[in-house]
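Asker: here is the input, now give the coordinates:
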Amino acid sequence: MFVEKAMNQVVEILGEQPLNVLDLCAAPGGKSILLASILPENSLLVTNELNRLRANILAENLIKWGLPNVVTTQSDATAFSGMNEFFDVLLTDVPCSGEGMFRKDPDSVGEWSVDNVRLCANRQREIVRNIWSALKPGGFLIYSTCTYNVCENEENVQWICEELGGKTVPVPVMKEWGISGARGSFKDLSVYRFFPHRTKGEGFFLALIQKEGEHVGGVPQRKNVRTRVSASKKAPAIPSEVRGLILNDADFEFYTDRQGRICAFLSRHIPSLRALEENLRVVHAGVVLGEIKGKDLLPDCSLALSVSLNRDAVKCYDLDHRQAIDFLRREAFALPDDCPLGWVLVRFEGQPLGWMKNIGNRANNGYPNEWRIRSENPF
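Answerer: Residues are numbered from 1 along each chain as shown. Now for the predicted structure:
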C-alpha cells in the first residue's frame with residue numbers, strides 16, 4: 001500500500017522516534033490499522049471520524065486489532081485547531097468527488113457534477129486549513145483522494161504549499177509499478193496518481209507534504225488541563241488482581257471513566273490523552289477492562305482482544321468452528337463439562353474472540369450485541 005511507502009519515508013526523514021499520528025477521516029479503519037502496524041515503537045495513533053455511526057465502526061475495528069496506543073475520536077476538523085503543534089503526522093484521506101470509484105460503484109457516476117467537484121475542492125481546503133495548526137513544524141501531511149481531477153488534487157496541493165507553508169516530498173517508486181506523476185502545469189509537484197488501467201486497484205491520488213520549520217519531537221506541554229480522566233470524582237482503588245490482567249501493568253495508568261468502567265492507558269501517553277479529551281470527543285482509548293459488579297469484574301471485550309491482556313491471569317477455552325461462529329452470532333449455547341466455571345476467554349485456533357460466563361448448565365455470551373454476525377447462513 002502506497003500510504004505505507006509514504007509513512008516509511010516520513011520515518012526515514014524524522015528518524016525512529018515516537019510519533020503522534022492522526023488519521024483524520026479514518027472510518028472504517030483500514031488505513032489506521034496499517035499505520036498502527038508500522039509506526040515506530042511508543043508512538044500514539046489517533047483515529048477520527050465525524051459521523052457517529054461510522055466512528056463506532058471505526059472504534060470496533062481498532063478494538064479488534066487490540067493495540068493499547070490507539071485513541072478513537074469523533075470530532076469535526078475544526079476541533080483539532082485547538083491541538084496546537086500536537087501531531088508529527090496527519091493523514092487526510094479527504095472526502096472527494098470519487099471519480100476513482102466509478103468502475104467499482106457505477107451509481108456514483110450519477111452523483112458527479114462540475115459543481116460537486118468544486119464543492120469538494122473547497123471543502124478539502126477548509127479541512128486542511130482547520131487541522132494545519134495541529135501539525136508540528138517540520139511534520140508531515142499525507143494528502144490523498146480517490147479522484148482524478150486537478151482541482152481536488154494538484155491545485156489543492158499547490159494551495160497547501162503556497163498558502164499554508166509546505167513543500168512536497170518525493171516518495172521512492174519503481175517504474176514498473178505504473179504510478180503516474182502530476183498533470184498539466186504542475187510538473188514540479190511530487191505527487192502520485194494511480195489509474196486502474198496502469199496500477200492494481202481503483203483510482204487514487206497521494207501527496208506527501210512537509211510543513212515549514214524545524215521538527216521537534218515529544219509532547220507539547222500544557223498547563224491546567226482538565227479532562228474526563230483528571231476531572232472525574234475520586235475513583236475507588238483498583239484491585240491488584242484487576243491490574244494484573246494487563247501485561248507490564250507498571251507501564252499503564254489505570255482509572256475509572258465516567259461510565260464506571262476501569263480503563264488502562266499507557267502512562268507515557270497520559271498527557272496526550274488529557275489534551276485530546278480537552279478538545280475532542282473520545283470514543284475509545286487504550287484498553288477498557290470492564291466494570292466492577294459486586295466483588296467481581298464484568299470483563300469488557302476490549303480486554304479480551306487486547307495484545308496487552310495477560311492470558312495467564314484468565315481462564316481460557318478453545319471453541320470449535322461451529323461454536324466460534326455461534327459465539328460471534330451472539331447465540332447462547334452450553335460449554336462442555338471440561339470448561340472452567342466463571343468468566344472464560346473463548347478462543348478459536350488460539351485467537352481470542354471474547355468472554356463467556358460458564359454457569360454449568362448454560363453459558364452467558366458476552367460478545368457485544370452490536371458486533372454480532374447478522375448473516376442468516378454464516379456457514
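
Asker: ranges for the helices of this protein?
Answerer: 2-14, 30-38, 52-65, 114-132, 154-159, 240-243, 270-279, 301-305, 321-328 (DSSP state H).

Asker: between those helices, which gets nearest to His197?
Answerer: helix 2-14 (17.0 Å; CB to CB). Placement of C-beta: from N, CA and C, glycine included.

Asker: how about that closest one, which residues are buried there?
Answerer: Buried residues in helix 2-14, counted by 16 or more other CB atoms under 10 Å: 2-3, 5-7, 9-11, 14.

Asker: who touches Ser133 in this structure?
Answerer: Contact analysis of Ser133 by CB atoms under 8 Å, 6 or more residues apart in numbering lists 81, 83-85.

Asker: distance check, it against Cys161.
Answerer: 16 Å (CB to CB, to the nearest Å).

Asker: just Gly178 next, same as before
Answerer: Applying CB to CB to Gly178 and Cys161 gives a distance of 26 Å.

Asker: between these two, who's got more neighbours?
Answerer: Cys161 (18 against 13; other CB atoms under 10 Å).

Asker: quick check: chain neighbours aside, which residue is closest to that one?
Answerer: Lys167 (5.9 Å; CB to CB, 6 or more residues apart in numbering).

Asker: that older thread, can you list the helices of the chain in a markdown table and add mean pLDDT and distance to Ile209?
Answerer: Shown next, in a markdown table, are the helices of the chain (pLDDT from 0 to 100; distance: least, CB to CB, whole Å):
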| stretch | mean pLDDT | distance to Ile209 |
| --- | --- | --- |
| helix 2-14 | 92 | 10 |
| helix 30-38 | 93 | 17 |
| helix 52-65 | 97 | 24 |
| helix 114-132 | 97 | 9 |
| helix 154-159 | 98 | 7 |
| helix 240-243 | 94 | 43 |
| helix 270-279 | 96 | 23 |
| helix 301-305 | 98 | 35 |
| helix 321-328 | 95 | 42 |
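
Asker: kindly reformat the ones you listed as CSV containing distance to Leu341.
Answerer: CSV is the format used below for the helices of the chain (distance: least, CB to CB, whole Å):
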stretch, distance to Leu341
helix 2-14, 45
helix 30-38, 35
helix 52-65, 27
helix 114-132, 51
helix 154-159, 60
helix 240-243, 17
helix 270-279, 37
helix 301-305, 18
helix 321-328, 17
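
Asker: now do the same contact list for Pro172.
Answerer: If you count contacts by CB under 8 Å, 6+ apart, then Pro172 has 5, 9 around it.

Asker: redo that, cut-off 7 Å
Answerer: For Pro172, no contacting residues are found, by CB atoms under 7 Å, 6 or more residues apart in numbering.

Asker: what are the phi and psi angles of it?
Answerer: phi -60, psi 130 (degrees, to the nearest 10).

Asker: got a pLDDT number for the nearest residue to Val307 once chain neighbours are set aside?
Answerer: Excluding its sequence neighbours, the residue lying closest to Val307 (CB to CB, 6+ apart) is Gly66, at 4.6 Å. Listed pLDDT for Gly66 reads 96.

Asker: distance of Gly66 from Leu328?
Answerer: 16 Å.

Asker: hang on, Gly138 packs against Lys211?
Answerer: Yes: with contact defined as CB atoms under 7 Å, Gly138 reaches Lys211; the gap is 6.3 Å.

Asker: more neighbours, the two?
Answerer: Lys211 (21 against 16).

Asker: most neighbours among the contacts of Ser133, which one?
Answerer: Met83 (23 neighbours).

Asker: who's in contact with the nearest residue in space to that one that is not next to it in sequence?
Answerer: Leaving aside its chain neighbours, Met83 sits nearest to Ala134 (4.1 Å; criterion: CB to CB, 6+ apart). Contact partners of Ala134, counting by CB under 7 Å, 6+ apart, are 80-81, 83-84, 86-87.

Asker: try 10 Å
Answerer: 20, 22, 24, 46, 77, 79-87, 90, 279 (CB atoms under 10 Å, 6 or more residues apart in numbering).

Asker: gap between it and Arg118?
Answerer: Taken as CB to CB, the span from Ala134 to Arg118 is 26 Å.

Asker: still on that earlier bit, out of the contacts of Ser133, the closest to Val128 would be?
Answerer: Checking the contacts of Ser133 one by one against Val128 (CB to CB), the nearest turns out to be Ser81, at 11.6 Å.

Asker: any stretches of the protein with poor pLDDT?
Answerer: 219-236, 378-379 (pLDDT under 70).

Asker: how deep is the closest residue to Gly366 other than its chain neighbours tucked in, by neighbour count?
Answerer: With CB to CB, 6+ apart as the criterion, Gly366 has its nearest non-adjacent residue at 3.7 Å, and that residue is Trp355. Residues lying near Trp355 (other CB under 10 Å) number 23.

Asker: I figured Trp355 hits Arg347, correct?
Answerer: No: applying CB atoms under 10 Å as the test, Trp355 and Arg347 come out as separate, 11.0 Å apart.

Asker: shared neighbours of these two, anything?
Answerer: Common neighbours of Trp355 and Arg347 are listed as Ala304 (criterion: CB under 10 Å, 6+ apart).

Asker: now, of the contacts of Ala134, which are buried?
Answerer: 20, 22, 24, 46, 77, 79-80, 83, 86-87, 90, 279.

Asker: ok, so of these, who is nearest Gly217?
Answerer: Asn20 (9.1 Å).

Asker: residue contacts, that closest one?
Answerer: Counted by CB under 10 Å, 6+ apart, Asn20 has contacts 39, 43-46, 83, 86-90, 134-136, 139, 217-220, 269, 272, 275-276.

Asker: how does it look with 8 Å?
Answerer: 43-44, 46, 86-89, 219, 272 are the contacts of Asn20 under CB under 8 Å, 6+ apart.
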